[in-house]
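> Next one to model:
(one chain, ligands or ions: 1)
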Amino acid sequence: MSTSLSGTVALVTGASSGIGAATAISLAREGAAVGLVARRKDRLDEVAELVRNAGGTALVVDADITRAEQAAAAVHQVSDHFGRLDILVNNAGMMLLGPIEDAPLDEWDRMVAINVQGLLYVTHAALPHLLKAAEGPRATADVINVSSVAGRQARRGMGVYNLTKHGVGAFSESLRQEVSERHVRVSLVEPGPVSTELFSHIRPDVLQQSKGSFGANAQILLPEDIAETITFLVTRPARVVVNEVLVRPDASL
Ligand code: NDP
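Now for the predicted structure:
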């Protein structure tokens with residue numbers, strides 16, 4: 001049995017492409033009003049158009065969530081505009097691969113800034129709204145943190161990405177223990193490779209070397225596969241909490 005999201009409000013970070021865009025559209029189809037947060041306004045406007053074409057309601061908020069004040073302002077803009085916040089999808093992230101030895105330090109800084117700090121800043125600002133929403137008739141609210149298989153399994157050439165996603169897992173469990181008695185559900189979603197723009201930021205030589213590392217015959221997931229997983233989590237009845245989901249493509253190592 002699934003429950004409708006009508007009357008709820010969801011904020012999706014990294015909604016301008018890939019998993020975030022697909023998730024926003026999927027949640028809107030279930031009836032949630034969606035706040036779309038990322039830096040590229042033109043791309044957010046396109047996603048908002050798709051949401052509206054699917055009969056949904058969207059608010060575009062262009063913000064760099066690695067800046068604490070912009071992250072907080074984005075949360076407040078969404079909750080002020082729609083009057084509440086029920087679902088937070090912490091999805092924005094970046095994957096820059098390569099050996100630790102001689103790595104460009106700016107790549108590490110950028111990954112830590114978005115995968116860790118951005119997620120923390122948005123969660124910090126959103127939590128009071130989520131706790132309040134959980135006291136309402138839906139009797140629950142949701143934090144979905146998008147981690148990765150890389151948050152479970154460290155591999156050579158992925159050290160700092162592994163570090164950030166393992167951190168997301170640890171933070172999620174700690175947060176879960178703090179808010180579960182107040183009916184905020186915290187879920188960790190751990191996708192394997194998904195066909196998105198994530199790989200476009202990797203240095204070409206590193207990208208070439210990492211090809212095939214998930215298995216010679218491994219398939220690749222679609223953003224919609226993860227969007228459907230997230231939608232499944234937030235449409236469970238309030239008594240059901242799915243805290244962790246690992247989604248690998250077929251034939252993946
Ligand atoms: P995309 O590159 O398509 O999406 C990343 C999103 O993050 C974009 O919308 C981007 O928007 C946003 N973003 C990046 N930096 C910032 C910032 N400073 N402020 C606000 N938004 C920002 O990749 P995916 O959809 O694949 O990635 C989504 C999540 O899924 C990430 O956390 C990633 O680690 C995770 N993941 C992806 C996998 C994959 O194989 N694709 C596998 C496992 C996990 P903009 O540039 O407009 O700001």
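
> Find the residue closest to G151 in space, skipping its chain neighbours.
Leaving aside its chain neighbours, G151 sits nearest to K165 (3.3 Å; criterion: Cβ to Cβ, 6 or more residues apart in numbering). C-beta: built from backbone N, CA, C; applies to glycine.

> Wait, a strand at that neighbour?
No - applying DSSP: H, G, I helix; E, B strand; the rest coil, one finds K165 to be helix, outside a strand.

> Could you pull up the contacting residues of it?
Going by Cβ atoms under 8 Å, 6 or more residues apart in numbering, K165 touches N115, S147, S148, A150, G151, E190.

> Contact partners for the first one?
So the one you mean is N115. G93, M94, Y161, T164, K165, G167, V168.

> now swap in the third one and tell me
Shown in contact with S148 (Cβ under 8 Å, 6+ apart): M95, Y161, K165, E190, P191, G192.

> Please enumerate the strands of the stretch 1-150 of the chain.
Using DSSP state E, counting those that start in this stretch, the strands found in the stretch 1-150 of the chain span residues 9-13, 33-38, 58-62, 87-90, 141-146.

> ok, so of the contacts of K165, who is nearest the ligand?
Taking Cβ to the nearest ligand atom as the measure, the ligand sits nearest to S148 out of the contacts of K165, at 3.5 Å.

> how near is that closest one to R138?
Noted for S148: a distance of 29 Å to R138, by Cβ to Cβ, to the nearest Å.

> How is R185 assigned, secondary-structure-wise?
Applying three-state DSSP: R185 is strand.

> If I look at the closest residue to A92 other than its chain neighbours, what pLDDT would I see?
For A92, ignoring the flanking residues on the chain, the nearest one in space by Cβ to Cβ, 6+ apart is G14 at 3.2 Å. pLDDT recorded at G14 is 98.

> Could I get the strands of the stretch 1-150 of the chain in CSV, plus columns for distance to P99 and mean neighbour count?
Formatted as CSV, those follow (distance: least, Cβ to Cβ, whole Å; neighbours: other Cβ atoms under 10 Å):
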stretch, distance to P99, mean neighbour count
strand 9-13, 29, 30
strand 33-38, 29, 28
strand 58-62, 34, 21
strand 87-90, 28, 29
strand 141-146, 25, 26
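
> looking at these, which is closest to the ligand?
So among the strands of the stretch 1-150 of the chain, strand 33-38 is nearest, using Cβ to the nearest ligand atom, at 3.5 Å.

> just checking, what packs against that closest one?
If contacts are counted by 3 or more Cβ pairs under 8 Å, 6 or more residues apart in numbering; DSSP states H and E, strand 33-38 sits against strand 9-13, helix 18-29, helix 41-53, strand 58-62, helix 68-82.

> Can you pull out the residues in contact with it?
Against strand 33-38 from outside (Cβ under 8 Å, 6+ apart): 8-17, 20, 24, 27-28, 44, 47-48, 51, 56-63, 65, 74, 77-78, 81-82, 85, 92, 122.

> just the buried members of these?
8-17, 20, 24, 27-28, 44, 47-48, 51, 56-63, 65, 74, 77-78, 82, 85, 92, 122 (16 or more other Cβ atoms under 10 Å).

> so which of those residues also contact the ligand?
Checking the buried ones among the contacts of strand 33-38 against the ligand by Cβ under 6 Å from any ligand atom, the ones in range are T13, G14, S16, S17, G20, I65, A92.

> what two of those residues are the furthest from one another?
S17 and I65 (14.8 Å; Cβ to Cβ).

> I'd like to know which residues of the stretch 51-200 of the chain are adjacent to the ligand.
64-66, 91-95, 114, 118, 146, 148, 191, 193-194, 196-198.
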